[in-house]
Structures are given as structure tokens and as C-alpha cells.
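[1] Need the 3D shape of this:
(one chain, ligands or ions: 2)
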Amino acid sequence: MNKDSKIYIAGHRGLVGSAILKSLQEKGYQNLLLRTSSELDLRDSAQVAEFFAKEKPDVVFLAAAKVGGIVANNTYRGTFIYDNLMIQNNVIHESYRSGVQKLLFLGSTCIYPKECPQPMKEEYLLTGPLEYTNEPYAIAKIAGIKLCESYNLQYGTNYLSVMPTNLYGPNDNFDLEKSHVLPALIRKIHLGKALENADWETLRSDLKNLPIEGVDQNSTDAEITGILEKYGVKLKDGQVHVEIWGSGRPRREFLWSEDMADACVFIMEQLDFAQTCPDSDEIRNTHINIGTGKDISIAELAEQIKAEVGFQGSLYFNSSKPDGTLRKLTDVNKLHNLGWKHVKELEQGIRDIYSWYTSQSR
Ligand SMILES: NC(=O)C1=CN([C@@H]2O[C@H](COP(=O)(O)OP(=O)(O)OC[C@H]3O[C@@H](n4cnc5c(N)ncnc54)[C@H](OP(=O)(O)O)[C@@H]3O)[C@@H](O)[C@H]2O)C=CC1
Ligand SMILES: C[C@H]1O[C@H](OP(=O)(O)OP(=O)(O)OC[C@H]2O[C@@H](n3cnc4c(=O)[nH]c(N)nc43)[C@H](O)[C@@H]2O)[C@@H](O)[C@@H](O)C1=O
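    Ligands and ions are numbered 1, 2, ... in the order given. The predicted structure follows:
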């Protein structure tokens with residue numbers, strides 16, 4: 001990959017894709033190829049074939065995918081497996097057909113078994129049953145790793161795969177049902193604080209920027225209070241209570257999206273497929289974990305966000321919502337040995353994302 005390479009970033013408006021775009025621009029890459037999903041639906045084989053044949057990119061960052069939190073994965077199981085298989089099959093296959101020199105596939109640490117030894121090493125892939133709530137998504141991601149690996153071995157392509165831990169940062173999804181835990185808690189606790197202060201202006205401007213079904217900035221105070229209750233932000237006995245899904249016991253590892261993007265660009269600049277093979281006799285587990293190597297319980301995360309936001313009310317746990325995997329801490333030795341380490345720690349990241357969120361919802 002060099003500064004003149006024609007680089008296609010699939011998913012450039014998303015959490016990770018937007019950070020990859022920013023990182024490449026900052027590093028002086030200028031020949032960038034971008035398409036939104038409405039301009040190019042990557043599930044559509046004919047559209048993707050035409051795009052690659054015409055544009056012939058040199059390099060591809062595949063950060064387009066159907067993505068969501070635990071409940072979205074568990075609810076839209078068909079969409080998660082179909083969309084992801086179609087997107088990655090089309091992009092990887094047409095990259096091969098049009099002669100793309102290098103490609104980066106983004107998977108996820110949910111590829112590892114539900115009961116995986118901790119921390120999770122790359123070699124633990126396919127050693128046990130998966131967590132059921134996101135099994136369809138995880139199976140698509142495993143297929144993506146194997147598609148890259150198989151094309152490399154059969155056709156001599158140079159496609160790399162990275163497995164990021166849970167990510168957060170600017171341009172994340174803050175939907176209260178479909179998002180991941182960190183953005184969901186930032187927003188719920190922010191709304192909780194506004195409700196306890198009877199700060200209707202803040203509540204209305206939040207809803208103006210990111211409407212919740214059944215309520216908008218023109219709704220009455222009572223309607224807003226009623227709908228927030230449905231999403232777990234409740235005013236009861238003069239106090240506001242914010243719902244945390246599950247038991248609070250699961251542990252998660254969080255990486256700032258711009259660190260993730262930096263790791264992606266670093267790997268694409270520094271590595272070829274041959275160097276990712278741990279053992280030349282057995283070409284397996286060539287993917288690379290990307291994370292911090294540190295985790296925290298959901299209960300602790302919620303307390304940290306509560307302190308950062310300055311919410312005075314209470315947090316309560318709703319055990320009717322799924323916990324998912326109890327722990328998925330990445331082993332980041334492979335990444336560290338390559339010479340890359342994250343920069344932003346979680347405490348600073350929470351501060352920065354809360355500041356970003358409030359600047360957007362004003
Ligand atoms: N977020 C996280 O915590 C984690 C993410 N990952 C992986 O990282 C990658 C990026 O995720 P993230 O940035 O969070 O996801 P986002 O949901 O923020 O962004 C996904 C992007 O994919 C694009 N996209 C979705 N469907 C299509 C389609 N049919 N055709 C074309 N483009 C499409 C969207 O484009 P548009 O905006 O134009 O509609 C969007 O920009 C994914 O592979 C994900 O699985 C892995 C682990 C954790
Ligand atoms: C990135 C990763 O993301 C998903 O896996 P997950 O880590 O389980 O996802 P999550 O962020 O949604 O939840 C983490 C934990 O947090 C708890 N939790 C509490 N309160 C809220 C809450 O309000 N919202 C959400 N979403 N979770 C909450 C929740 O119950 C769970 O115990 C998969 O898509 C998977 O495929 C994947 O790749």
C-alpha cells in the first residue's frame with residue numbers, strides 16, 4: 001500500500017470506516033474511493049461486480065457489515081447472517097477477480113467459543129460451540145476469515161483478517177435498542193440526568209437529533225417521560241432509575257475506534273499474509289486480535305459512565321435481557337509483537353465519547 005494506491009473503504013460512514021478514512025487522510029493517502037450503501041448495496045452481486053470492474057481499486061478496507069448489539073443480533077438473526085455473508089462474499093470475490101493487491105477483512109472476537117479460555121488466543125478459533133445470541137453473525141465472520149485464507153492459499157492473494165474487540169467512538173450507533181452497550185449507556189444515563197433535572201430542553205434536543213419511535217421534540221413532557229420509561233429510563237418516587245440489561249456480571253473489553261483504525265492502517269502498511277502465518281507448516285489462525293487486553297464488568301462500566309455524566313439517580317439490572325458471553329478478553333500478544341499497542345484508555349475514552357455525544361445532540 002503506498003500513498004498513490006487507489007483505496008476503497010467499504011463502510012466509510014460507520015464507526016470504524018469513518019475512523020479509517022480519517023486516519024488514511026491524516027497519513028496523506030489521497031486516492032480514496034467511497035460509496036454509501038444507497039449508492040452501492042454490497043449485498044447485490046451484480047452491482048459489486050460492476051463497481052470493481054470499473055473502479056479497479058488497489059487496496060480494500062472491508063468495514064461494511066450489518067452490525068449491532070446483543071439484542072439486535074439475537075432478534076434479526078436472518079439479516080445478520082445473510083447481509084454479512086453477501087457483503088463479504090461479494091467484496092472479497094470481486095476483489096480477487098479485479099486484481100486487488102491487498103484487502104483487510106474486519107471480523108469480531110465473537111468468533112471464539114462461548115466458553116473460551118481467557119485471554120482468547122487466535123488459535124482458539126473453532127475449538128468449541130459459539131455464544132447463541134450472536135451465532136449467525138459469528139458464523140458469517142468465521143466464513144470471512146476462511147474465505148480470505150482460502151483465496152490466499154489457492155489464488156495467492158494477500159488478504160488479511162483482524163478480530164476487533166468491542167469498539168466505541170465518534171459516529172457510533174446510539175439507538176437504545178440496537179446499539180452496543182457503551183453508546184447505549186452513554187445515552188440512557190445522559191437522558192436519565194436530563195430527566196432528573198427536568199431539563200426538557202436537553203431531552204428535546206436529544207430526541208430531535210436521534211428520534212425514538214413514538215416520541216420527538218414536539219411531544220409533551222408527559223409523553224417523553226412515558227416513552228423513556230419504555231427504554232429503561234424511569235421516574236419513580238421522585239428518583240430516576242436507569243436500566244442496565246442482564247446481570248451486570250459479564251466482562252467486556254473496549255477499544256477506541258480511532259485506535260482500531262490506526263491498528264488497521266498499521267497492519268496494512270506493515271504486513272503481508274505470509275508474515276501472519278504462525279507456523280509455515282500449518283497455515284491456520286492467520287487472523288490478528290485487536291484490543292487492549294484489559295476488561296471491565298458491565299456493572300463497573302455503568303458506574304464509570306454514571307460518574308462521568310454526573311447522574312445522581314440509581315442503576316438497576318434487568319435479568320430478562322441476555323448477558324451473552326460472560327467474558328471475551330483478547331490475547332493481544334500477536335499484535336503487540338508486531339509493534340502496535342492502543343493509546344486511549346477507557347476512562348479517557350468515556351470522557352471523550354460523552355463530550356462528542358453531547359456536542360452532537362445539542
Ligand atoms: N462496533 C463494534 O463494536 C465492532 C465492530 N466490528 C466490525 O467492524 C466493522 C465495522 O463496524 P462498525 O463501524 O461498528 O459498523 P457501523 O454499523 O457503524 O457501520 C457499518 C457500515 O457498513 C455499511 N453497510 C452496511 N450494510 C451495507 C450494505 N448492504 N451495502 C453497503 N454498505 C453497507 C454502512 O454504510 P452506510 O453508512 O453508507 O449505510 C455503514 O457505514 C464490521 O465488520 C463489524 O462487524 C467488530 C467488532 C466490534
Ligand atoms: C461487538 C459485539 O457486540 C455484541 O456482543 P456483546 O458484547 O454481547 O454486545 P453488547 O455491547 O450489546 O452487550 C454487552 C453486554 O452489555 C449488556 N448491556 C447492559 N445494558 C445494555 C444496553 O443498554 N444495551 C446493550 N446493547 N447492552 C447492554 C448486555 O446485556 C451484554 O451483557 C454482538 O453483536 C457481537 O457479535 C459483537 O461482535
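
[2] per-residue pLDDT, the residue of the chain found nearest ligand 1?
    Using C-beta to the nearest ligand atom, the closest approach of the chain to ligand 1 is made by residue 14 at 2.1 Å. C-beta: built from backbone N, CA, C; applies to glycine. pLDDT, residue 14: 97.

[3] Ok, residue 217 next?
    Looking at residue 217, its pLDDT reads 79.

[4] hmm, back to that, what's the neighbour count on the residue of the chain closest to ligand 1?
    21 (other C-beta atoms under 10 Å).

[5] Equivalent analysis for the one 4 residues further on, please.
    Other residues within reach of residue 18 by the criterion other C-beta under 10 Å amount to 21.

[6] Which neighbouring elements make contact with whatever helix or strand it lives in?
    Residue 18 is part of helix 15-26 when elements are defined by DSSP states H and E. Judged by 3 or more C-beta pairs under 8 Å, 6 or more residues apart in numbering; DSSP states H and E, helix 15-26 is in contact with strand 7-10, strand 32-33, strand 166-168, helix 257-270.

[7] quick one: the helix or strand following the third one near ligand 2?
    Same thing as strand 166-168. Going down the chain from strand 166-168, the next helix or strand is helix 181-196, by DSSP H and E. Yes - legend: contact between helix 181-196 and ligand 2 by C-beta under 6 Å from any ligand atom is shown at 181, 184-185.

[8] quick one: whatever residue of the chain ends up closest to ligand 2 and residue 127, what's the gap?
    Residue nearest to ligand 2 within the chain: residue 69 (2.8 Å; C-beta to the nearest ligand atom). Distance from residue 69 to residue 127, counting by C-beta to C-beta, to the nearest Å: 25 Å.

[9] The two - which one has more neighbours?
    Counting neighbours by other C-beta under 10 Å for residue 69 and for residue 127 shows that residue 69 has the greater number, 23 against 11.

[10] give me phi/psi at the more buried one?
    When quoted as degrees, to the nearest 10, the phi and psi of residue 69 stand at phi -80, psi -170.

[11] Now do the contacts for it.
    Residue 69 makes contact with 178-181, 184 under the criterion C-beta atoms under 8 Å, 6 or more residues apart in numbering.

[12] which residue ranges form the helices in the stretch 1-150 of the chain?
    Using DSSP state H, counting those that start in this stretch, the helices of the stretch 1-150 of the chain run over 15-26, 45-55, 70-75, 77-98, 135-155.

[13] correction: the stretch 201-350 of the chain
    For the stretch 201-350 of the chain, the helices defined by DSSP H, counting those that start in this stretch occupy 221-230, 257-270, 298-309, 333-338, 346-360.

[14] want to try JSON lines for those helices, with mean neighbour count, mean pLDDT and distance to residue 240 as columns?
    Listed next are those as JSON lines, based on neighbours: other C-beta atoms under 10 Å; pLDDT from 0 to 100; distance: least, C-beta to C-beta, whole Å:
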{"stretch": "helix 221-230", "mean neighbour count": "16", "mean pLDDT": "92", "distance to residue 240": "9"}
{"stretch": "helix 257-270", "mean neighbour count": "21", "mean pLDDT": "98", "distance to residue 240": "29"}
{"stretch": "helix 298-309", "mean neighbour count": "18", "mean pLDDT": "98", "distance to residue 240": "11"}
{"stretch": "helix 333-338", "mean neighbour count": "15", "mean pLDDT": "95", "distance to residue 240": "41"}
{"stretch": "helix 346-360", "mean neighbour count": "16", "mean pLDDT": "97", "distance to residue 240": "17"}
